[in-house]
Each structure stands twice: as C-alpha cells, then as structure tokens.
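Trainee: what shape does this take:
(chains A and B)
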Amino acid sequence: MITRKTLSRRTILKGLGTAIALPFLDAMTPALAASKLPGDTPVRMMFAYVPNGIIMENWNPKYEGKLNELPRALKAMEPLKDDITLLSNLTNNAGRAWLDGAGDHGRCCGSYLTSVHVRKTKSDILSGISADQIVANQIGSKFRFPSLEIGMDDARQAGDCDSGYSCAYTNNLAWKSQTQPLPPILNPRQLFERLFGNGAQLSPEARAQQARIRRSVMDVVVADTKKLQATLGPTDKRKLDEYLSSIREIERQLEKAESDNAQINPGMDKPYGVPADFAEHFKLMTDMITVAFQADMTRVVTFLITSEGTSRAYREIGIPDGHHPLTHHFNNPSQIEKVAQINEYHVKQLAAWLSKLKSIKEGDANILDNSMIVYGAGLGDGNRHTHEDLPTMIAGRGGKAFKAGHRIVHRRETPMANLYLTMMDRMGVNPEHFGDATGRLDGLNLS
Amino acid sequence: MKAQGQGNLSVGILFDTGLGNRIDEALAMALLYGLDGKNEARIIALSVSKPNLKAAAFCEAIARFYAGASSGAFGAVGRTLPVGMAEHGNQPEDTPMLTTPLAKRTEDGKPLYSHGIEKLTDTAEVRALIRNALAQQPDQSCIVILTGPATNLAQALDLPGTKDIIKSKVKLLAVAGGAYPSGAPQFNIKADLAAAKKLFAEWPTPMVVAGEEVGAALLYPAASVEKDFAWTPAHPIADAYRAYQPMPFDALTTAMAAVLQAIRPQENYFKLSEPGVITVLEDGRTKFAAAPEGKHRYLVLDAAQQERVLKTYVELASAKPVPKQPRVRRQQQQVEPPKPVTPKPPEK
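Mentor: All right, here's what the predicted structure looks like:
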C-alpha cells in the first residue's frame, strides 16, 4: 500500500518580510493521483486591455469558424491559434456618447468591464462594479489576493484625461464599487513586493538604499526551501527549482531596470524601477502574473497595458509619434501603418507571454488551458471611435470549457456583457444579470 | 435634456416592421424616409419582425437607397444602421415583394439594390438594438412605430431595464394593427397573438393605433406607383409593389396611417378616439374600452381629410432621397489631427 503525506496547496516559503507561495506540485495531491489538481481546476479570469482601438482590417479574419491564416495584427499568435478564440461584433453600448458629447476614450474604458455608461465628470466619478470584481467579491477570499490590478502607463486618478472625463475612467479597468476604481500597480518592484513581501510602500530613495543592500528573496527563504526540497521527489524538485529560478530571474530584471533608471536617465518620467523599454516592462509584469497564477495567489487579474487615450510613443520600434494622435489617421496611409505596427508590437509581447503560460504544466493541462485571458480594446476603429465590433480575443480554454481555435461572429449589437456573464459562470459565479447583457454568449462553450 | 452639440434634433423614430408580409409596410417605409428627408423625423433604428434574412436585407436595401452608406449607427458615421431581425417567429417564408427586387441585377451583374445582409450575424440582435438605440436619445424625444407583428417589441419589454428606458425616452408608440371600434381579427395581431397581447397590456407609453378600417378606406393608387416613382428607373418600393400582386391593384394603407399620424399629429389628418384601453382577445380581435386614464387611442377617418391624406401619402412616399451630410467627424480628408489626450493635473 502506498501512503504519502500530502503537501498543502497553501504551503509558503517564509523568511524575513518574505512569503513565497508555491506552484502546484505532485506532492500536493494524494498518492496515485499525480497530475490531478487538488480541488477544482484553477480557472483564471483576466482582462488585458489596449487603448485607442485597433486597425480592424488587420484584426478580423475574412472567414468564420476554424482559425487558419491569421490577419496581420494577430500574426504573432499563429503558434497559438488553437488556443485562442476570436469574437466579433461584440458591442459596448455604454461607451457610446448617448447625450454626453466628446470623450469616447474616457467612456469606453470606464465602462469596459462595468458595462455602465459612466458619468461625465472630473470629480464625482460614477461607473459600476466591474465584472472582475463581481468574481473577486464572490471567490476572492479563498486566495491571497482577491484580484490583482496591473498596468504599465498612467495611474493618475484625478484631473481631466478626456474632454471632461476624469482620469479615473481612462486609467482603471477594475471598479470595486460604483465610485471606487482599483488603480493598477505600474511599478514592477511594487508588484514584486506585493507578491512576495510584506507590502510596505517605500519611497524611491529608500527603495534605492534597500536595493544596494538587498538580498534576493531566495536567500531569505533558503532555510525553508532546503527543508521542503528534502521532502520532494525528483519531478517536484525540478518544478520547484524552475519556479524559484523564474522568481530570481524577475528579481534580476528588476535590478537591471532600477540600475538603468539610476544610471541612464535619472530624470525620466516614470516611477523608479520601471523599464524604459515597453517590451521589458511587459515581460516583467507578465512574468509576475505567471508566478501569481502558478502559485494560485489569485484567480482574477486586470491588466491595463497602456491607459486609454495614451499618447505614448514607441521609439523601441521606431515610432516617435504618440499612439493616440496616430490613431486619428483620417485614412493617411503612413499613420495607419504606424498604428498597425503598434498593434502588432502589442500582440507580439502578448504571444510570447501566452506561449510561456502554455509551457507550464498544470495537472493534465497547462496554465493557459486553465485560463480565460481576454485581450481587447474598448474602441474598435480608433479613428472613428466606434463601440461596436470591439476587437476581442480570448486566450485559453477556461479549464476545458471553451472550444478554442475558432472565430465566432455574433449578431451585431451583441453586448460585451454577454461575454462577461459567460466567463463569470465559468468562474463559478452565476449572476442572473450583469450590465446591459441580454444573455450568455452563444458558441463559446464546448457543451 | 439635449444632446451636447446636437442642436435641435427632430423626433427619433424606431421603426419595427414585418416587411415582406404586406405591401403597406414598404409604402410606410417610403413615407417615413420622405419625412426624414424633410427633417421631420430622424430614423434611429430599423428592425424586422419577420424572421427572414431577405426581409432584413430588403429593409437595409431600402435604407441604403434613401440614406446611402453615410447613415451610421445611431448617428455615428461610417456603417449603415444595423438592422435588427427576429430570430424566431411566424411568417418566416420568402415573399415576392422581397425576392423580386433583391434578385434584380445591374447590367454588370451586381445587385440593383445593395445591402450587406447575407447571414444572421449580419443582422442585429433585436432586443439589444432597440434598447441601445433608445438609450442614447434625449428624454421623451422618440416615437416607436410598429407596422408588423409585435414580436420584437414584446421581447424588448422583457429585457431588464428596457421598460424604464422606453418610459423615459419614448413619447408615443404608433401601431398599425387591429380593427376599431370592432372588426375581424387583423393580420398583424394574429401573426403573433401572444406578443400583441403583451404589447397592449404592458407598453408603458401612450399608444395611437391605426386599425385596418383606416387602411382599407383609403387605398394607395397603383397609378401612383407607375407615375410618381418614375423619377428613377430603379425604385425598390415600386419594384416591391409590382411584385406583391399582379398590377394594377390599389393597396391598403394601414401602416402609412400609423407613420403619418405619429410624425404629423398636428396636421389632424385623422380624428382620434377618446382615451381608453385596447385589449387583444384570444381570437385575434381587438377590443376598445373607453377610460379617461387609458393610454390608447385609435385613429378615426375624417371624411373631410381623405383627399388631403392620400395626396400626402403620394407626395411623401414618392419623394426623392435627400442626401445628408455626416454629423460627427469629417472623413476622407486630411485635417489636422486632434490634440493628444494629455492628463491635466488634479484640480485643487
């Protein structure tokens, strides 16, 4: 008879001011049940948002059904085309002007996950509870973080960011309540400390001082790590080693970014420790999301890749112009081409990260399989500010629930909120109604 | 409440039709576009209750004929108005008034009346369309016109929050259907009895109803189709009319009466009954009971106005399309790009 004491899924490696949650290990399952996940499949729900719309001619394939050749904006997703679902004709009616005039950027982002037409104001903001937070409220208490809010661009919460709309609308995806957005963490070090530390907020000077004397978190938890390793089989040892190495690699990237900040451009307009290079920043943030998923720290993430209406330049790929002004291209081919390149650049970063998620085994599947990662924008055509046929892609199968590898075209005016309801169901939260939904989304589920 | 930068908007019309069932609905659409061309009405949404792609396609073809592709979703520019369509319901079959004009081709083989509807996903989910279109309008600025079965409107009433939106945005529902004060069961009512019962029982705004007796008493002259629509060699309404049944025939105008009364009530083309409540009976007949607080009224023919009404029908239905300039953003021309969205510092 084979007996084995199972390791708790919530085991943590501890050290001074440090707590590292563990990935799924075979030792966490009862004997003879290796590769079976303890408890339910850890299905994650994530929204990754890009601003200013997409060049839709480069996004929508000219066909429906099984994905074959992908259009230009999605070319980088080719190796993952069996893992994604493209959804067409989804509409966010709440983002339209109604009677409020200009301000589509503020409206579309503020309403993206709430499906509520936001109040046009610079001060007394009003939206709704976002879909991610409905899930976080319901299941979040079981996890170290009910949800994580991450961004890369701008977290200002006050002031006018678009024609009378508060920056709270353009700079947040998650809304805890009608009046309380959850600002994203932009700074990789801050996110790292949230994931692995005691969460203390440090000033840039204190952070730099600490960096000079900092030991790796690996050093801090070395005693616990050795103790754990002694109890693990060879497969688990390898898994743990890979996992801790990935955290160490994140630390190295952080140190490099901080060193670059200090030496290259101390006056840069970015928080201390934020890589100047978009791709590096993206990688750092998504690597940490990976670890958070691996260790089951959270099931709910929102990722505002850049803020809605951002005028960020992409010098990394030879585009010094601001993203937002470029999207008002008025059919100028040169401007359209630049926007197309930005769209491709974003998807390229995403594809690299999704491939990594796919490579990490989890039970008899992988992390990507067990996730629902929506990548999309709150505007369709950024030039005309359209709110119908929003570019929307889901990566992952939500834990063997979704048939991936297809393009599903829905009827025109089908609410985005229908997608959120479908995803909430998959998260075990089954609200009767949400936002302006007319029902669940057809065609996504396997059954 | 007025829309920012919109000036004085004409009344917004949500037009729901059983296009393909009866020719008066096509004539009513022509009449509606005649009023739209005179800026007396502003079409905000089109939907068909006939669950038939050709009905939706012909509806879009008519919209394109009158408005061209510059009419956009709910006032935006670029895409044609989405056409909503019932997914299920009665009378799903093709009819000659749909198939004949849609089958016509130009000399180079292209459809004579262009449209973009080939499959279900080219149409809009009708409950969302109705709700979305109305939600964007100023309070009490819209009229809903129903010229076919009540399938779509009854479904919209069940969508959470939509009844409240209708109550705040819509000032009137104009219906073509029933017979008043009494009469035989009428086609539009019978076509979806459950929906008609629900509509008359639950619709939250005042309602004015054109009964079949109004349409039967004032027939549209076949001669007008041949003469007044001849300003163009290809007119979708005229082609539908000729295909509906062998020419010459004069057509019922029930649906036209509903449109005309809805948009030009001040012209007193018709008399109105006293207020009351219309109930739909199990056999499809409609029953009117006078009640001072009732929200329903039906049209009563005014013999003194009949000639004038008919003249108005002909004049408006055969009117040439009036091209409209896009209202929002200039396209196709190089203009200075807008200023970037740059956050301002917080206000103190």
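
Trainee: those strands in the stretch 101-250 of chain B, which residues are they?
Mentor: B:124-125, B:142-146, B:170-176, B:207-210 (DSSP state E, counting those that start in this stretch).

Trainee: avg pLDDT for the last one?
Mentor: When you say that, I think you mean strand B:207-210. Averaging pLDDT along strand B:207-210 yields 98.

Trainee: parallel or antiparallel, list what pairs with it.
Mentor: Here strand B:207-210 has these sheet partners by DSSP bridges: strand B:170-176 (parallel), strand B:296-300 (parallel).

Trainee: same question, the second one
Mentor: According to DSSP bridges, the neighbouring strands of strand B:142-146, each with its direction, are strand B:11-17 (parallel), strand B:170-176 (parallel).

Trainee: which parts of the stretch 51-200 of chain A sit against chain B?
Mentor: A:64, A:88-89, A:91, A:93, A:96-102, A:105, A:117, A:122-123, A:154, A:156, A:158-162, A:167, A:170 (Cβ under 8 Å from any Cβ of the partner chain). No exception for glycine: its C-beta is placed from N, CA and C like everyone else's.

Trainee: return a ChimeraX selection command for the buried portion of those residues.
Mentor: Selecting only the buried entries of those in ChimeraX, with 16 or more other Cβ atoms under 10 Å in any protein chain shown as the criterion:
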select /A:88,89,91,93,96,97,98,99,100,102,105,117,122,154,156,158,159,160,161,162,167,170
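
Trainee: from the residues of the stretch 51-200 of chain A next to chain B, which ones fall inside strands?
Mentor: Those of these mapping onto strands are A:88-89, A:91, A:160-162, per DSSP state E.

Trainee: and the gap between B:Ile130 and chain A?
Mentor: 9 Å (Cβ to the nearest Cβ, to the nearest Å).

Trainee: which is the next helix or strand following the helix or strand hosting A:Glu258?
Mentor: Per DSSP states H and E: A:Glu258 is located in helix A:234-264. As assigned by DSSP H and E, the chain's next helix or strand after helix A:234-264 is helix A:278-294.

Trainee: quick one: name whatever helix or strand follows that following helix.
Mentor: strand A:300-304.

Trainee: what count of nearby residues applies to the closest residue to chain A within the stretch 151-300 of chain B?
Mentor: Residue nearest to chain A within the stretch 151-300 of chain B (Cβ to the nearest Cβ): B:Pro160, separated by 5.3 Å. By other Cβ atoms under 10 Å in any protein chain shown, the residues close to B:Pro160 number 14.

Trainee: same check, this time on the one 10 residues further on
Mentor: Applying other Cβ under 10 Å, we find 22 residues neighbouring B:Val170.

Trainee: equivalent analysis for B:Leu281, please.
Mentor: Neighbour tally, B:Leu281, other Cβ under 10 Å: 12.

Trainee: quick check: bridge partners of the closest residue to it other than its chain neighbours?
Mentor: Excluding its sequence neighbours, the residue lying closest to B:Leu281 (Cβ to Cβ, 6 or more residues apart in numbering or on different chains) is B:Lys287, at 5.9 Å. When bridges are called by DSSP bridges, B:Lys287 pairs up with B:Thr279.

Trainee: dihedrals phi and psi, the residue lying closest to B:Thr286 once chain neighbours are set aside?
Mentor: Counting by Cβ to Cβ, 6+ apart, B:Gly178 is the residue found nearest to B:Thr286 once chain neighbours are left out, at 3.4 Å. B:Gly178 adopts backbone torsions of phi 90, psi -170, taken as degrees, to the nearest 10.

Trainee: list the residues that contact A:Leu25.
Mentor: A:7, A:232, A:236, A:239-240 (Cβ atoms under 8 Å, 6 or more residues apart in numbering or on different chains).

Trainee: can you check A:Gln178 too?
Mentor: Contacts of A:Gln178 by Cβ under 8 Å, 6+ apart are A:116, A:126-129.

Trainee: for it, grab phi and psi.
Mentor: phi -60, psi -30.

Trainee: relative to A:Gly376, how far out is it?
Mentor: Separation of A:Gln178 from A:Gly376 (Cβ to Cβ, to the nearest Å): 23 Å.

Trainee: now do A:Ile84
Mentor: Distance from A:Ile84 to A:Gly376, by Cβ to Cβ: 12 Å.

Trainee: between these two, which contacts overlap?
Mentor: With Cβ under 8 Å, 6+ apart, A:Ile84 and A:Gly376 have common neighbours A:Met393.

Trainee: out of these two, which sits in the busier spot?
Mentor: A:Ile84 (25 against 22).

Trainee: now the closest residue in space to A:Gly15 that isn't next to it in sequence: how far from A:Leu13?
Mentor: Using Cβ to Cβ, 6+ apart and skipping the chain neighbours, the partner closest in space to A:Gly15 is A:Val220 (3.2 Å). Noted for A:Val220: a distance of 9 Å to A:Leu13, by Cβ to Cβ.

Trainee: so who does the residue nearest to B:Leu281 touch?
Mentor: B:Lys287 touches B:182, B:278-281, counting by Cβ under 8 Å, 6+ apart.

Trainee: of those residues, keep whichever come out buried.
Mentor: Of the contacts of B:Lys287, these count as buried by 16+ other Cβ under 10 Å: B:278, B:280.

Trainee: so which residues on the stretch 301-447 of chain A come close to chain B?
Mentor: Close to chain B, as judged by Cβ under 8 Å from any Cβ, the stretch 301-447 of chain A has residues A:309-311, A:322, A:324-325, A:328-332, A:381, A:384-386, A:388, A:409-415, A:433, A:436, A:438.

Trainee: mind checking which of the residues you listed are in strands?
Mentor: Counting by DSSP E, these contribute A:322, A:409-415 to strands.

Trainee: got CSV for these, with neighbour count too?
Mentor: Shown next, in CSV, are these (neighbours: other Cβ atoms under 10 Å in any protein chain shown):
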residue, neighbour count
A:Gly322, 19
A:Val409, 22
A:His410, 23
A:Arg411, 23
A:Arg412, 25
A:Glu413, 28
A:Thr414, 27
A:Pro415, 26
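
Trainee: closest one of these to A:Gln349?
Mentor: Distance to A:Gln349 across those (Cβ to Cβ) is lowest for A:Gly322, with 19.2 Å.

Trainee: the closest one and B:Arg22: what is the separation?
Mentor: 56 Å.
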